[in-house]
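**Student:** build the 3D model from these lines:
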Amino acid sequence: QVQLVESGGGLVQAGDSLRLSCAASARTFGTYTMGWFRQAPGKERDFVAAIRGNGVGTSYTDSVKDRFTISRDNAKNMVNLQMNSLKPDDTAVYYCAAAVSAPSWPLSRRISDYIYWGQGTQVTVSS
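**Tutor:** The predicted structure follows:
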């Protein structure tokens, strides 16, 4: 069982930055692919970014490329999402999630592949 706790959300203006963090309770944290997803009001939960267990490979949805950066610190069991140049369309509840993975597997963007989820943190971007 892996517990995930997100933090760092808030209310910001368009163009501002936020850094989300996710603390994980897992002895083998470095074996999990970690992902960030978001869900806007009235919409489905969507993939945002993912990072391999060893931190080498990353993947982003097109709308956040060049603005968001996912990173992890396996020594601290943490994964972060640095969000720059925020837009009102980025407003959503952001969720951290963990997926079992192997080094040879492609980074997954599928919600069904992620078996552990945090409670989410609200990000609101005003125009």
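**Student:** burial check on P88, number of neighbours?
**Tutor:** For P88, the neighbour count with other Cβ atoms under 10 Å is 11. Heads up, the C-betas are built off the backbone N, CA and C, glycines and all.
**Student:** oh, I was asking about F68
**Tutor:** F68 has 22 nearby residues by other Cβ under 10 Å.
**Student:** and the residue nearest to it when sequence neighbours are not counted, what does it touch?
**Tutor:** Nearest non-adjacent residue to F68, counting by Cβ to Cβ, 6 or more residues apart in numbering: M83, 5.1 Å away. When contacts are counted by Cβ atoms under 8 Å, 6 or more residues apart in numbering, M83 touches S17, L18, R19, L20, V64, R67, F68, D90, V123.
**Student:** angles on the backbone of the nearest residue to N74 once chain neighbours are set aside, please.
**Tutor:** Counting by Cβ to Cβ, 6+ apart, N74 lies nearest to G30, which is 4.2 Å off, once chain neighbours are set aside. Here is the backbone geometry of G30 (degrees, to the nearest 10): phi -70, psi -10.
**Student:** roughly how far apart are G30 and A40?
**Tutor:** 31 Å (Cβ to Cβ, to the nearest Å).
**Student:** tell me the secondary structure for the residue nearest to S63 when sequence neighbours are not counted?
**Tutor:** Closest residue to S63 apart from its sequence neighbours, by Cβ to Cβ, 6+ apart: D89 at 7.4 Å. What DSSP: H, G, I helix; E, B strand; the rest coil gives for D89 is helix.
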